[in-house]
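Novice: turn this into a model:
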Amino acid sequence: KRGNMALYTARRALIKTASALAAATAAPNTKAQEGPIILDDIVIQGEKSGRTLAETSASTVVLNGAEVDNPRNLDVSAVADGVPNVVFDDSALFPAIRGIDGSAGQLGAVAFTTGAQPRVNIIVDGVARPANVGAAAPAISSLWDVEQVEIARGPQSTLGGRNSLAGNIRIATADPTFEFEGAVRGLGFTQDGTIGAAGMLNIPLVDDQLALRVTAEATDGESFINVIDPAVAADRSEIEDEEYRRFRAKLLFVPEAVPGLEIVAAVERSELNNLFEQEADFGSDGFDLSNFAVVGSNNDNEQTVLSLKGVYALSDNIEFEASAAYLDNDFRIPPTNPTFDFEQETESVSAEALLRIEGIGFVNRAVFGFAFERQTEVGVNDAPALAISLDGEIVNYGIFGEIEFGLTDRLALIAGGRIEIDDRDRVLDVFGTAGTLDISETAFIPKLGVRYEVTDELTIGYQYTEGFRAGGIDFDLFDPSAGAVTYDSETLRQHEIYLRSRFLRDRAALNVSAFYYEFDDVQLSGAGGPGPSGLFDLFGNAPRAEGFGVEVEGAFEVTDWITVTGAIGLLDTEITDPGPELPEFQGAELPRAPNLTFSAGVSYVSDFGLDASATVRHVGEQSAFLGDDPVPSYTVVDLSAGYTFEVDERRTFRIEAFVNNVIDERIVLSADAPNSETVGRPRTFGLGGTFRF
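Specialist: Got it, this is the predicted structure:
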């Protein structure tokens, strides 16, 4: 839409005043609010141009803070796993989106040898979290004081930054405001007595010019996994402990002397200690794990992020934004497992500059930008059973842009592209024998789309997008002297048609997307052949895979108090050319690509403070890794109820009780480890109270 406004200022106002569902596409385990379903007011931050949810061509689910920031949503996966064609469990894996495994090549031995980046970018307040093992975990462990969560499906590489081949997850935490406010929360849930507390304080320091927002939170408890392996009996209490700490401070500066300028500085510190993966013996009702020494390890992660962002409105139609960030992540696997005493430090320096244009001539919106990131990592494993050291560096440059031309008042053409340069160096030493990686690759990533507003309530469109991930070198972790296998970059080319609509006087909304993609040179473990030691398969390329699917998402406000939501994802993937190393996988489905995902929910919000919700989500049968037997489908039912007491105009107290996984479904996520399987959380009861003032 054309209009005269400073984009960043308008984004802030729209997000803070938007009512109703954050989108018709919201996962149904979120709480509905009173009011009409409004898509025009939800601004997609990942679009970087001020485009709203009604205007975007991307298949994006947007959830606002009021919907997701509640005790029953224990982390980001709790709200993302209800999105159709998204599989995001609470194990160590990145999400799989539309059948593309975001974790591919980023866990286990492959991560150590190749340093491969994931296919899904996780971005918090504009800062991409590192992709190495464990480093993204603190970013998705909490929803306290979150302003907006976006889950973008399909390639987002043009604007979304490095990789983003399958999609990205963007988390925006609340910025300071010029009103005094605060909040405290206490919660507890039945994961061996886990308890938690959180607080927020927003302080205006100088009227309409300077404000500070500080948040802190902590949880303590134990995993639902019961480690009974006698080999680690002495360390059992340490292994099962789960602890999370996070502190964040954000400073907002809007200088009166420089109209149109806004600066946000932030510092965040987090500490996370938990089981790296939730492994349990096959069929163990008590979630016992008897072979921790073979399959288990802990995640001990400390992360510090410093960021600075400035936005300057050059005019009502032109805006400049610049940001920079520093991230330090210290990941450690403590020596509770005799194979590991591993520590890896990752440092990242990133910067981005954007120029936004809106409503000039035939240009509805445009954004042009430059991005830079330099990431270094140093790691060592001191355990005698596996002596490893690594030293790596990734340097990434991106030049990108996107223009939306208004051909008529209702017809728009969108064109964009990104030039990405990726340089990587890596040295891995195992028992004194080194393997090296030194590659540089340049790619052009295009985007093209058309959007037609049939009416004010109905929009249809088409878009073509590409995703890209650089190639690399893999070698056997236990025998690097045997030589390396080189694998090529991979490219995803996707066609998508979509419909966005609202009707019944804005009380109902319906979104539909249908897509088809061709996945060339798919990077897969095993496609490079078996490793010389016989313990690991090597990374390589399968020449071609294809996928197509449909996503239907809707919401209907039945009355002023009752809202129903529903979403379904249908997906079909196939390896159409597996290459010479994997002929047995001709016609096989991609890993983590269930044919069916759906979710549905009903919520009740009274005008006297009482609310309740019931949701159900289903994930169909899928193979966790290529060549594995499929794990069973699962269905999860969640219930919650809450009551909000209004003390006065500024103070409220809310108490909420919840039961997640009511039917106690055994959720099996993978079953590739010896005698054990990765499992999801069992039935969990919880209670939380939040006081806002």
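Novice: going forward, measure contacts and count neighbours with C-alpha atoms only.
Specialist: Noted.
Novice: so the residue sitting furthest away from the middle of the chain, which of the three states?
Specialist: Distance from the centre of the chain peaks at residue 257, with 38.4 Å (C-alpha atoms, centre = their mean). Following DSSP: H, G, I helix; E, B strand; the rest coil, the label given to residue 257 is coil.
Novice: also residue 353?
Specialist: From three-state DSSP, the assignment for residue 353 is strand.
Novice: residues near it, how many?
Specialist: Residue 353 sits with 18 neighbouring residues when counted by other C-alpha atoms under 10 Å.
Novice: what about dumping the CA coordinates of the host helix or strand of residue 454 to CSV?
Specialist: Per DSSP states H and E, residue 454 falls inside strand 433-455. Output of strand 433-455 as CSV, limited to C-alpha atoms (Å, rounded to 0.1, in the frame of the first residue of the first chain):
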residue,chain,number,x,y,z
THR,A,433,46.1,-36.0,11.6
ALA,A,434,44.6,-32.9,10.1
GLY,A,435,41.9,-32.5,7.4
THR,A,436,41.3,-29.1,5.8
LEU,A,437,38.5,-27.2,4.1
ASP,A,438,39.1,-24.1,2.0
ILE,A,439,36.3,-23.0,-0.3
SER,A,440,34.9,-19.8,-1.8
GLU,A,441,31.6,-19.6,-3.6
THR,A,442,29.5,-16.9,-5.2
ALA,A,443,25.8,-17.2,-6.0
PHE,A,444,23.0,-15.1,-7.4
ILE,A,445,19.6,-15.8,-5.7
PRO,A,446,16.6,-14.3,-7.6
LYS,A,447,13.0,-13.7,-6.6
LEU,A,448,10.0,-12.8,-8.7
GLY,A,449,6.3,-12.4,-7.9
VAL,A,450,3.0,-10.8,-8.8
ARG,A,451,0.1,-9.9,-6.4
TYR,A,452,-3.4,-8.9,-7.3
GLU,A,453,-5.9,-7.5,-4.8
VAL,A,454,-9.2,-8.8,-6.2
THR,A,455,-11.0,-6.8,-3.5
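Novice: where does the spatially most central residue of the chain land on pLDDT?
Specialist: Centroid-nearest residue in the chain, with C-alpha atoms, centre = their mean: residue 169, separated by 3.3 Å. Residue 169 carries a pLDDT score of 90 in this model.
Novice: distance of it relative to residue 76?
Specialist: 9 Å (C-alpha to C-alpha, to the nearest Å).
Novice: and if you look at residue 466?
Specialist: 26 Å.
Novice: quick one, which of these two is more surrounded?
Specialist: The residue with more neighbours, out of residue 466 and residue 76, is residue 466; 26 against 21, by other C-alpha under 10 Å.
Novice: quick one on the thing from earlier: flag every buried residue along the strand holding residue 454.
Specialist: Buried residues in strand 433-455, defined by neighbour count with 16 or more other C-alpha atoms under 10 Å: 435-437, 441, 443-453.
Novice: by pLDDT, give me the weakest of these.
Specialist: Among the buried residues of strand 433-455, pLDDT bottoms out at residue 435, giving 73.
Novice: ok, back up a step: report the contact partners of the residue nearest to the centre of the chain.
Specialist: Taking C-alpha atoms under 8 Å, 6 or more residues apart in numbering as the contact definition, residue 169 lies against 120, 121, 122, 123, 149, 150, 151, 152.
Novice: what helix or strand is it located in?
Specialist: Going by DSSP H and E, residue 169 is part of strand 167-173.
Novice: residue ranges for the strands of the stretch 301-450 of the chain, please.
Specialist: Using DSSP state E, counting those that start in this stretch, the strands of the stretch 301-450 of the chain run over residues 318-333, 342-360, 363-381, 388-406, 411-430, 433-455.
Novice: same list (those) but as TSV, adding distance to residue 157.
Specialist: Formatted as TSV, these follow (distance: least, C-alpha to C-alpha, whole Å):
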stretch	distance to residue 157
strand 318-333	19
strand 342-360	15
strand 363-381	12
strand 388-406	10
strand 411-430	8
strand 433-455	7
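Novice: ok, the closest residue to residue 472 other than its chain neighbours - contacts?
Specialist: What sits nearest to residue 472 in space, not counting adjacent residues and going by C-alpha to C-alpha, 6 or more residues apart in numbering, is residue 487, at 5.4 Å. Neighbouring residues of residue 487 by C-alpha under 8 Å, 6+ apart: 471, 472, 473, 474, 523, 528, 539, 540, 541.
Novice: give me the subset of those lying in helices.
Specialist: In helices, judged by DSSP state H, none of these are found.
Novice: in CSV, list those along with distance to residue 264.
Specialist: Formatted as CSV, the contacts of residue 487 follow (distance: C-alpha to C-alpha, whole Å):
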residue, distance to residue 264
471, 36
472, 37
473, 40
474, 41
523, 39
528, 46
539, 42
540, 43
541, 43
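Novice: between the residues you listed, which is nearest residue 189?
Specialist: For the contacts of residue 487, the residue nearest residue 189 by C-alpha to C-alpha is residue 523; the value is 39.9 Å.
Novice: ok, the closest residue to residue 377 other than its chain neighbours to residue 393 distance?
Specialist: Spatial nearest neighbour of residue 377, excluding adjacent residues (C-alpha to C-alpha, 6+ apart): residue 346 at 4.3 Å. Here the criterion is C-alpha to C-alpha. By it, residue 346 lies 9 Å from residue 393.
Novice: between those two, what contacts are shared?
Specialist: 375, 376, 377.
Novice: the second one: what's it in contact with?
Specialist: With contacts defined as C-alpha under 8 Å, 6+ apart, residue 376 is in contact with 346, 347, 348, 391, 392, 393, 394.
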